[in-house]
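Asks: Okay, predicted coordinates and the sequence, questions at the end:
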Amino acid sequence: MDKDYILSCFEKQKKGLKENPLRFYKNRITALKTLQKNIKLMEDEICEALKKDLNKSKTESYMSEIGLVQSEISYMIRHCKKFAKPKRVMTPISQFVSKSYKLACPYGVVLIISPWNYPFMLSIEPLVDAIAAGNCVVLKPSATSSNVCEVISKLIEKTFPPEQVVVVQGGREQSSFLLELDFDHIFFTGSMRVGKEVLEKASQNFIPVTLELGGKSPCIVDETANLALAAKRIVFGKFLNCGQTCVAPDYLYCSSKIKDKLIKEIEKQIVLQYTDNAIENENYPKLINQRQFDSVKKLIKADNVLFGGKYDEEKLKIEPTILNSNFDAEDMEEEIFGPVLPVVTFDSLDEAIDKVNSLKKPLALYIFSSSKKNQNRVVGLCDFGGGCVNDTIIHLATSNMGFGGLKSSGMGAYHGKVGFDTFSHYKSIVDKKTWIDLPMRYQPHTKMKYKLIKWFLK
């Protein structure tokens, strides 16, 4: 996309902020209802694009992308009015007589850069939060998922005037150009490496940033866990979208006492959920491109495969694979982002907690245990963005909690009220009455004024 066109769209949005209809919550709700309606009308097109880019089935496309977006829109339509209202707060007696309140205001023009792994959901969900907060948006979907990018562009053109929302198509050149512009907020979802570049560019103009990154999310299983159910839920979370999920269990960290039993249960579940030939299963997704396929395939070696390991380069498919591993292995160096699950073991839960905390802070953590004590120790003592007890992934599928990481796995959060807050600046306002004016703060200062100030401010 031409840089002059991008710049003209950005400048139109900036110049139009004063008259922007989205400053009023009723117009935000109307816009969200239109978006919801148009997504429903285009549902088949969206599913078809997801099939072309990632080979997602219609069911998986709705469950993990379209349905989550529609749920977020419904939540914001119901709550936007309440979120946008001024919030009264207590006024200290020293400010007598006045009222104090917080006013949620849109940042202005925000940039949303989204990734290819959940290309529809991770583009539109933050857009929904930004619109609910009253912002204008420049949306930059990933060019890697080109078919979904085209559909998103069509959806946005159908729903919003370019003075409110515009889609920028293109690759790295367009993203780099956008990061040179003086946006009022930047929301980025992607890798840690690119996240650093975004943060560095934003810092030059003091632009607030939300970063949704990733990391090696551990899945801890102790000896008290229900192994059959744990295996079922781990297989679902790990191999959804062929493992290309930022909160997928990146490695299985299990008690050495139950390793063999757990792996047998996982093998059973892989066959039950994906058949004994996942590569030929038309509902099993593929790796996004050759580069991603190659990066995952190189981790599979003859001496470390416990289960699976087959692949089809032409189809860009790798079957669900379990690896025997340790913390010095190549598969434990970086986030895998594919259908390969390394297994490492611990002898005590304290050992597991200490090891997890010695690594970079993960975006997610999962603990499978029947012991409340063990659950509480892991959740309370380990550092991570969010997670589940006795399940995987589902913590991000709600608008009632924020979703985000910390430090290397992210900065800030979104979804629901937290998402509204992410795209809002809260102005703190004191409305002082004029019929009385306490004299103690004014010069000249006296002993009596000093005593009064100490009394008011104690």
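Replies: Cool, got the structure. On a predicted model such as this, the values are computed, not experimentally measured, just so you know. Residues are numbered from 1 along each chain as shown.

Asks: list the contacts for residue 9?
Replies: Listed by CB atoms under 8 Å, 6 or more residues apart in numbering, the contact set of residue 9 reads 138, 162, 166, 168. (Each C-beta comes from the backbone N, C-alpha and C, glycine too.)

Asks: pLDDT on the helix or strand containing it, on average?
Replies: Using DSSP states H and E, residue 9 falls within helix 3-15. Summarised as a single mean, pLDDT over helix 3-15 is 93.

Asks: which of the residues in the following helix or strand past that helix are buried?
Replies: Where DSSP H and E defines the elements, the next helix or strand beyond helix 3-15 is helix 25-41. Judged by neighbour count (16 or more other CB atoms under 10 Å), helix 25-41 contains these buried residues: 25, 28, 29, 31, 32, 35, 36, 38, 39.

Asks: Quick check: residue 189 vs residue 28, distance?
Replies: Distance, residue 189 to residue 28, using CB to CB, to the nearest Å: 22 Å.

Asks: What is the neighbour count of residue 385?
Replies: The number of residues packed near residue 385 is 27, by other CB atoms under 10 Å.

Asks: Hmm, it is touching residue 364, no?
Replies: Yes: the pair residue 385 / residue 364 is scored as a contact, 6.1 Å apart, by CB atoms under 8 Å.

Asks: Let me see the contact set for residue 432.
Replies: Neighbours of residue 432 in contact, by CB under 8 Å, 6+ apart: 95, 97, 98.

Asks: quick one, phi/psi of it?
Replies: Dihedral pair for residue 432: phi -90, psi 130, per degrees, to the nearest 10.

Asks: Please report how far it lies from residue 92.
Replies: 12 Å.

Asks: Okay, domains of this protein per the record?
Replies: With domains defined by automatic domain parsing, the chain comprises 3-213+409-426, 218-396.

Asks: For the helix or strand of the chain with the lowest mean pLDDT, buried residues please.
Replies: One helix or strand of the chain scores below all others by mean pLDDT, DSSP states H and E: helix 447-456, with a mean of 88. Residues 449, 452 are the ones in helix 447-456 that count as buried (16+ other CB under 10 Å).

Asks: so residue 270 makes contact with residue 239?
Replies: Yes: with contact defined as CB under 8 Å, residue 270 reaches residue 239; the gap is 7.4 Å.

Asks: tell me, what's touching those two both at once?
Replies: In contact with both residue 270 and residue 239: residue 320, using CB under 8 Å, 6+ apart.

Asks: More neighbours: those two, which one.
Replies: Neighbours were counted for residue 270 and for residue 239 using other CB under 10 Å; residue 239 has more, 27 against 24.

Asks: buried sites along the one helix or strand that one maps to?
Replies: Residue 239 is part of helix 227-239 when elements are defined by DSSP H and E. Of all the residues in helix 227-239, those buried under the rule 16+ other CB under 10 Å are 227, 230, 231, 232, 233, 234, 235, 237, 238, 239.

Asks: Touching, residue 153 and residue 169? I think so.
Replies: Yes: under the criterion of CB under 8 Å, residue 153 makes contact with residue 169 at 6.1 Å.

Asks: Are there residues contacting both of those two? Which ones?
Replies: Shared contacts of residue 153 and residue 169, defined by CB under 8 Å, 6+ apart, are found at residue 141.

Asks: For the residue lying closest to residue 123 once chain neighbours are set aside, grab the count of nearby residues.
Replies: Closest residue to residue 123 apart from its sequence neighbours, by CB to CB, 6 or more residues apart in numbering: residue 114 at 4.0 Å. For residue 114, the count of nearby residues is 28 (other CB under 10 Å).

Asks: I'd like the numbering to begin with 758 instead of 1 from here.
Replies: Yes, from this point I'll number from 758; that puts the last item at residue 871.

Asks: Do I have it right that residue 871 meets residue 951?
Replies: No: the criterion here is CB under 8 Å, and residue 871 misses it with residue 951 at 11.8 Å.

Asks: I'd like the distance from the closest residue to residue 1067 other than its chain neighbours to residue 878, if you could.
Replies: Nearest non-adjacent residue to residue 1067, counting by CB to CB, 6+ apart: residue 1076, 4.9 Å away. Residue 1076 sits 25 Å away from residue 878, taking CB to CB as the criterion.

Asks: follow-up on the earlier one: show me what contacts the residue nearest to residue 880?
Replies: Contacts of residue 871 by CB under 8 Å, 6+ apart are 879, 880, 883, 896, 897, 898, 899, 946, 947.

Asks: can you give me the helices for the stretch 758-907 of the chain?
Replies: 760-772, 782-798, 800-811, 815-818, 824-841, 878-889, 903-916 (DSSP state H, counting those that start in this stretch).

Asks: Next: the stretch 1008-1157 of the chain.
Replies: Under DSSP H, counting those that start in this stretch, the stretch 1008-1157 of the chain gives helices at 1016-1031, 1047-1054, 1106-1115, 1129-1138.

Asks: quick one: contacts of stretch 1046-1065?
Replies: 901, 1000-1001, 1020, 1023-1024, 1027, 1044, 1066, 1068, 1070, 1073, 1075-1082, 1086-1088, 1093-1097, 1100.

Asks: again, but for stretch 1105-1116
Replies: With CB under 8 Å, 6+ apart as the criterion, stretch 1105-1116 contacts 973, 975, 977, 979, 1010, 1084, 1103, 1119, 1122, 1131, 1134-1135, 1138-1141.

Asks: circling back to that earlier point, closest to residue 845 among the contacts of residue 871?
Replies: Nearest to residue 845 out of those is residue 883 (CB to CB; 29.1 Å).

Asks: what pLDDT does the closest one get?
Replies: 98.

Asks: ditto for residue 789
Replies: For residue 789, the predicted pLDDT is 98.

Asks: got it, and the one 4 residues further on?
Replies: Among the per-residue scores, residue 793 shows a pLDDT of 98.

Asks: Over to the residue nearest to residue 810 when sequence neighbours are not counted: give its phi and psi.
Replies: Leaving out its chain neighbours, the residue that sits closest to residue 810 by CB to CB, 6+ apart is residue 902, at 4.4 Å. Recorded main-chain torsions at residue 902 are phi -90, psi 70, according to degrees, to the nearest 10.

Asks: what about residue 902, distance to residue 1137?
Replies: 38 Å.

Asks: Those two: who's more crowded?
Replies: When residue 902 and residue 1137 are compared for neighbours, residue 902 comes out ahead with 27 against 8, by other CB under 10 Å.

Asks: dump the residue contacts of that one.
Replies: Applying CB under 8 Å, 6+ apart, the residues near residue 902 are 806, 810, 811, 873, 876, 1045.

Asks: pretty sure residue 954 belongs to a helix, no?
Replies: Yes: Residue 954: assigned to a helix according to DSSP: H, G, I helix; E, B strand; the rest coil.
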